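Enquirer: just to be clear, the model below is a prediction. Sequence and coordinates:
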Amino acid sequence: MILALVTVCDVRAEEIVVIVNLAAATISKEQTADLYLGRSDAWTPIDQAVGSEIYVEFYKKVTGRDSAQVKAIWSRILFTGRGIPPKQLRDSEAVKKAVAANPKAVGYIEKSAVDASIKVAVSID
């Protein structure tokens, strides 16, 4: 029983990648953090569903913040009228389609979902 628990805890989450349109320039991890925290409007950020595993992991690894902190940041931004939060889509497939259709869009998905319709800008480890 203890061995099974150790094995389950040792499983690593799938790698997350930041994606952009095929016609777009690349974006750095720092630029991505700025976008998703409302400090830049150079791109159109596309988000995953709030509370999903990939959402939580992305914000933790890219911005160093948890879901509650991200919500608080966007609440302040909305209250002051300084920006609009990223559009949230239901899953990686929807994010990939939205990024493929918009040269200004940036999103994040599981590395295994990458295909020829988009390009990887940053791998998040």
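Expert: Done, it's in. Numbers count the residues shown, from 1 in each chain.

Enquirer: can you check the pLDDT for the most centrally placed residue in the chain?
Expert: The structure's the chain has its C-alpha centroid closest to residue 108; by CA atoms, centre = their mean the separation is 3.9 Å. The per-residue pLDDT reported for residue 108 equals 98.

Enquirer: who are the contact partners of it?
Expert: Residue 108 makes contact with 16, 17, 18, 19, 32, 48, 54, 58, 62, 95, 124, according to CB atoms under 8 Å, 6 or more residues apart in numbering. For glycine as for every other residue, the C-beta is placed from the backbone atoms N, C-alpha and C.

Enquirer: the residues you listed in helices, which ones?
Expert: Under the assignment DSSP state H, the contacts of residue 108 contribute 32, 54, 58, 62, 95 to helices.

Enquirer: these into TSV, with extra columns for neighbour count, distance to residue 23 and pLDDT?
Expert: Formatted as TSV, the entries for those read as follows, by neighbours: other CB atoms under 10 Å; distance: CB to CB, whole Å; pLDDT from 0 to 100:
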residue	neighbour count	distance to residue 23	pLDDT
32	24	18	97
54	20	25	97
58	22	24	97
62	20	23	97
95	26	17	98
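
Enquirer: quick check: buried residues in the top helix by length along the chain?
Expert: Taking DSSP H as the assignment, the helix of the chain that covers the most residues is helix 67-80. Residues of helix 67-80 classed as buried under the neighbour-count rule (16 or more other CB atoms under 10 Å) are 70, 73, 74, 77.

Enquirer: and what of stretch 39-53?
Expert: The neighbour-count criterion (16+ other CB under 10 Å) identifies 40, 43, 44, 45, 46, 47, 48, 52 as the buried residues of stretch 39-53.
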